[in-house]
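Colleague: Fold the following and give me the result.
(one chain, ligands or ions: 1)
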Amino acid sequence: MLIEMHDIHKVYRMGKTRVHALAGLDLHVDGGEMLAVMGPSGSGKSTLMNILGCLDRPTRGTYVLEGEPVAGLSNDDLARVRSRKIGFVFQTYNLLPRTPALQNVMLPLMYQGARDRRQRAEQALERVGMADRMDHRPSELSGGQQQRVAVARALVTEPAILLADEPTGNLDSRTSREIMTLFRQLNDEGVTIVIVTHDPEIGNCAKRTVRMRDGLIVGDGPAPHVDPQEMSDDGAESAGSPEGATVGSAMPSGSSPPRSSERS
Ligand code: ADP
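Modeller: As a prediction, the model looks like this:
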């Protein structure tokens, strides 16, 4: 068992008010899973993601990651676990804009003081199909290419788990399919992936879907595991979905479109 969470509570204090963001949640994830966490805005997805990713601690409950209890760790120890065991992929890529792709991917290895940094970063970029763009800066790459570099950066430390927060939220539907195809390929190679998304089509590409509401898991079962190439063209923008995705969690209409992936 890779992830064992039991009776996880997270309470935020806002002055005199207390918000119960997670209300006694249980979650088990095995190595090799591809899991989508879904649910309406405010249901606790980000809070769960932060705790899963060792960015935050639960108020109460147990969390065992790869056999190591992490719920009660100090900030320093939590950071150590995070840098060794978790790879993050964000909606906005979070790359250093003026730093070439290769150096962006080497960065987590520098924090670890790892050896063979250049070689390992090159291998990670090859793995995501970016071998021919290693010297490009993020500003010289399309959105999909930037996200590939971000995936390489997340994978370069060989984490136990890849955590992706709305990884296709800034991408057009074609590029979303490419990124989901990459995730599927990595999962086939054995990478454990957890994706938080409000988009049902993205969720359908996973092997398992967990549905949240009011800080609890209200549904947990196999997902259709559809081939991302079969996602519809407007998949990434399917607002008003049965998930109850709120307006505002989707990309606002009229915002600048994602960079075209023509150059990919
Ligand atoms: P989701 O990611 O599903 O939209 P969140 O985990 O962000 O849900 O939020 C769950 C609940 O916790 C919401 O009611 C939200 O307002 C509250 N919440 C989240 N973060 C904080 C915080 N830092 N301080 C106070 N309340 C918070």
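Colleague: Please work out the average pLDDT along stretch 220-237.
Modeller: Mean pLDDT, stretch 220-237: 81.
Colleague: which residues are in contact with it?
Modeller: Stretch 220-237 has contacts (CB atoms under 8 Å, 6 or more residues apart in numbering) with 34, 36, 168-169, 171-174, 176-178, 180-181, 184, 199, 201-211, 238, 250-251. For every residue, glycine as well, the C-beta is placed using N, CA and C.
Colleague: which ones among the residues you listed are found in strands?
Modeller: Taking DSSP state E, the ones among these that sit in strands are Met34, Ala36, Arg208, Thr209, Val210, Arg211.
Colleague: My read is that the first one contacts Asp188, right?
Modeller: When you say that, I think you mean Met34. No - counting by CB atoms under 8 Å, Met34 stays clear of Asp188, with 9.2 Å between them.
Colleague: Looking at those two now, which is surrounded by more residues?
Modeller: Between Met34 and Asp188, counted using other CB atoms under 10 Å, Met34 has the larger neighbour count: 21 against 10.
Colleague: For burial, what's the neighbour tally of Arg120?
Modeller: Residues contacting Arg120 under the criterion other CB under 10 Å number 19.
Colleague: residues in contact with it?
Modeller: Contact partners of Arg120, counting by CB under 8 Å, 6+ apart, are Met106, Leu109, Ala114, Val156.
Colleague: Give the buried residues for the host helix or strand of it.
Modeller: Assigned by DSSP states H and E, Arg120 belongs to helix 117-127. Residues Arg117, Arg120, Ala121, Glu122, Ala124, Leu125, Arg127 are the ones in helix 117-127 that count as buried (16 or more other CB atoms under 10 Å).
Colleague: again, but for stretch 171-186
Modeller: 171-180, 182-184, 186.
Colleague: The spatially closest residue to Ile51 that is not a sequence neighbour in helix, strand or coil?
Modeller: Leaving aside its sequence neighbours, Ile51 sits nearest to Pro58 (CB to CB, 6 or more residues apart in numbering; 5.5 Å). Three-state call for Pro58 (DSSP: H, G, I helix; E, B strand; the rest coil): coil.
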